[in-house]
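Undergrad: Below is the sequence, then the predicted model.
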Amino acid sequence: EAGVTQFPSHSVIEKGQTVTLRCDPISGHDNLYWYRRVMGKEIKFLLHFVKESKQDESGMPNNRFLAERTGGTYSTLKVQPAELEDSGVYFCASSQEWPWGTDTQYFGPGTRLTVL
Amino acid sequence: GNSVTQMEGPVTLSEEAFLTINCTYTATGYPSLFWYVQYPGEGLQLLLKATKADDKGSNKGFEATYRKETTSFHLEKGSVQVSDSAVYFCALSPISNFGNEKLTFGTGTRLTIIP
């Protein structure tokens, strides 16, 4: 079974440009999460999809970030326009939906974003 | 809110040494606790987890026990190997009636094992 995949693995852009990150969750996983790690600090939650709906987007830093999950399959995270402080590693994770509590989240390899 | 405090790194040990990486947490109720590991050039992998007090998670020789009284989930290994060199993250996820919840991570501890 394929794991969580992310594309690209690394992106280098200039300040003010737009970048779109993609995440493909494990097949059958309704839950999809985005996290990021900035400057070697802790990994922070950005948002959570259940199928195509945003369950929790409390971690999105500002309106320059837009996440979508069309059809409840893959997800994209767009940053427009990118700022220097957006540099970091963006992780995607997915998990199955269980009625009795939290299930394990499986992570992708991450996308390293560098904004110059 | 929820938080995880993790032992600052980096940590450097000799092969076959005993490892402890401290992790304490703040949360309401009884969260699930996790250790994730990121090997060089790879993504995050679940190392072990525990879902209730006094549970012990174990994998690849690593162990961690869920201590409710001390709100801790310290990671231990009796004899480390060079291949254990990685960044280790402690994390928690609250249990709720809504099921799956977001993870709260510590800052990560970089571990280097020298031969």
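TA: Nice, thanks for sending it over.
Undergrad: can you pull the contacts of the most centrally placed residue in chain B?
TA: The centre of chain B sits closest to residue B:35, judged by C-alpha atoms, centre = their mean, with a distance of 3.1 Å. The contact partners of residue B:35, by C-beta atoms under 8 Å, 6 or more residues apart in numbering or on different chains, come to B:23, B:46-49, B:57, B:62, B:64, B:73, B:75, B:88-91. To be clear about C-beta, it is placed using only N, CA and C from the backbone, and glycine gets the same treatment.
Undergrad: can you pull out the helices in chain B?
TA: For chain B, no helices are identified by DSSP state H.
Undergrad: Flag every residue of it that's near chain A.
TA: When proximity is defined as C-beta under 8 Å from any C-beta of the partner chain, chain B approaches chain A at B:4, B:32, B:34, B:36, B:42-46, B:49, B:51, B:89, B:91, B:93-96, B:98-108.
Undergrad: For ChimeraX, write the selection for the buried entries among these.
TA: To isolate the buried members of the residues of chain B next to chain A in ChimeraX, using 16 or more other C-beta atoms under 10 Å in any protein chain shown:
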select /B:4,32,34,36,43,44,46,49,51,89,91,93,94,95,99,100,101,102,103,104,105,106,107,108
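Undergrad: all strands for the chain, in order.
TA: Defaulting to chain A. A:5-7, A:10-13, A:19-24, A:31-37, A:43-50, A:53-56, A:65-68, A:75-79, A:88-95, A:106-107, A:111-115 (DSSP state E).
Undergrad: that answer is for a different chain, and I need it for chain B
TA: Along chain B, counting by DSSP E, strands occupy B:3-6, B:11-14, B:19-21, B:23-26, B:32-38, B:44-50, B:56-59, B:62-65, B:75-77, B:86-93, B:104-105, B:109-114.
Undergrad: Paired strands for the shortest one, with orientation please.
TA: Think strand B:104-105. With DSSP bridges as the test, strand B:104-105 is paired with strand B:86-93 (antiparallel).
Undergrad: Quickly list what the residue nearest the centre of chain A is bridged to.
TA: Centrality entry for chain A: nearest residue to the mean C-alpha point is residue A:34, 3.0 Å, by C-alpha atoms, centre = their mean. With DSSP bridges applied, residue A:34 shows beta-bridge pairing to residue A:47, residue A:92.
Undergrad: repeat for residue B:25
TA: Beta-bridge partners of residue B:25, counted by DSSP bridges, are residue B:4.
Undergrad: And for it, the neighbour number?
TA: 20 (other C-beta atoms under 10 Å in any protein chain shown).
Undergrad: so where's chain B uncertain?
TA: B:96-100 (pLDDT under 70).
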